[in-house]
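**Q** Give me a 3D structure for the following:
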Amino acid sequence: MIYKCKPMDEGKVFSYIGLDYPKCLYLYLDLKKYGIESDKIEVYIQYDNLSNITSVLLVYYSCLHVYSQKECFDANELWAFFCNMKCTMLYCTLSTAEIIYNAIPKVLPKEISFTTGWVAQICSVDKKAKGMAVPAQNDDFDQIARLIYSDEDIGRSYRYEELARQIKERNREGYARNYVIKQNDIVIAHACTNAEIDNIAVVAELLVKNEYRSKGFGSEIWRDICFRLLSEKKEVYSFYYTEESRRLHKHIGFIEVCEWAKIVVGG
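**A** Predicted coordinates for the structure are as follows:
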């Protein structure tokens with residue numbers, strides 16, 4: 001049984017997550033940022049027949065974030081909920097995602113991708129950045145959105161108009177900060193915080209234009225943003241999905257927290 005949360009349920013959700021928030025960072029941070037009464041998110045609790053909580057769910061735009069403490073939830077019900085909410089992305093730990101994926105009907109009218117990765121935390125950067133990265137300006141955001149959208153892996157998780165709106169909105173609200181490396185007013189590398197509140201930040205969208213890759217710009221901007229956040233005494237986390245990205249993260253000091261997955265429903 002899945003029920004939409006009321007304001008009185010907010011404490012119940014946080015209590016259920018407890019210290020496990022690194023396993024549901026976006027769910028946890030979006031709830032802390034906006035609150036259950038916000039029109040930007042919708043929060044739900046899934047119960048079993050004995051009224052025990054089996055999972056908590058948060059819908060943000062077209063994405064469903066899922067956290068299950070013991071992973072004893074009704075996967076068929078959860079997948080039906082995902083479809084009824086017209087979501088296109090589902091994020092959760094790998095073990096939770098595998099349970100949900102196995103509940104998906106074998107024949108569907110839309111393509112579904114299942115991507116695995118990791119969540120990692122950094123406590124210190126291997127060395128100081130060279131200072132090439134600067135905060136993004138208003139004129140940079142269209143370039144940033146197109147750089148993200150053109151990425152074969154990250155871009156397919158978004159609708160372009162929705163992506164552009166989210167980037168500007170989160171930066172304006174102070175929930176995210178964006179950094180770029182530019183040459184001749186062209187954004188050649190980008191990194192940002194996708195979620196940032198209290199003492200926790202998630203760094204994301206590390207991208208370098210194709211013709212500038214393998215020249216150190218990715219590690220440069222990543223070191224820069226991580227160092228800035230750590231200097232502010234924040235816990236810094238990142239999600240990544242490729243072995244190449246995994247090597248970069250480990251090289252500059254990230255330590256893995258858990259395995260992660262995303263399920264994306266295509267057109």
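
**Q** ok, residue 236 touching residue 228?
**A** No - proximity of residue 236 to residue 228 does not meet the contact threshold set by CB atoms under 8 Å, at 9.5 Å. Heads up, the C-betas are built off the backbone N, CA and C, glycines and all.

**Q** These two: which has the busier surroundings?
**A** Per other CB atoms under 10 Å, whichever of residue 236 and residue 228 has more neighbours is residue 236, with 26 against 20.

**Q** for the more buried one, what are its contacts?
**A** 121-123, 201-203, 226, 229-230 (CB atoms under 8 Å, 6 or more residues apart in numbering).

**Q** Kindly state the beta-bridge partners for it.
**A** Legend: beta-bridge partners of residue 236 under DSSP bridges are residue 122, residue 201.

**Q** can you name the farthest residue from the center of the chain?
**A** Residue farthest from the centre of the chain, counting by CA atoms, centre = their mean, is residue 50 at 32.0 Å.

**Q** Show the pLDDT at that residue.
**A** Note for residue 50: predicted pLDDT of 93.

**Q** Quickly check the contacts of residue 236 for the two that are furthest apart.
**A** Pairwise distances across the contacts of residue 236 (CB to CB) peak at 15.1 Å, for the pair 123 and 202.

**Q** Which one of the two is surrounded by more residues?
**A** Counted by other CB under 10 Å, residue 123 and residue 202 do not tie: residue 202 has more neighbours, with 22 against 11.

**Q** List the contacts of the closest residue to that one other than its chain neighbours.
**A** Sequence neighbours aside, residue 195 is the residue nearest to residue 202 in space, at 4.5 Å (criterion: CB to CB, 6 or more residues apart in numbering). Residues near residue 195 by CB under 8 Å, 6+ apart: 25-26, 29-30, 33, 175-176, 201-202.

**Q** ok, now with 6 Å
**A** By CB atoms under 6 Å, 6 or more residues apart in numbering, residue 195 lies in contact with 26, 29, 202.

**Q** Which residues does the helix or strand containing the second one contact?
**A** Which is residue 29. Residue 29 is part of helix 25-34 when elements are defined by DSSP states H and E. Residues outside helix 25-34 that contact it (CB under 6 Å, 6+ apart): 17, 21, 40-41, 58, 60, 65, 67, 175, 195, 197, 202, 237.

**Q** Would you mark the buried spots in the longest helix seen in the chain?
**A** Determined from DSSP state H, the single longest helix within the chain is helix 217-231. Under the neighbour-count criterion of 16 or more other CB atoms under 10 Å, helix 217-231 has 217-230 buried.

**Q** ditto for stretch 172-181
**A** Buried-residue list, stretch 172-181, by 16+ other CB under 10 Å: 175-181.

**Q** tilt between the helix or strand of the chain at the bottom of the mean pLDDT ranking and helix 25-34?
**A** None of the helices or strands of the chain scores lower by mean pLDDT, DSSP states H and E than helix 160-172, at a mean of 75. Put simply, helix 160-172 runs at 60 degrees to helix 25-34, going by axes from the mean of the first three to the mean of the last three CA atoms, to 10 degrees.
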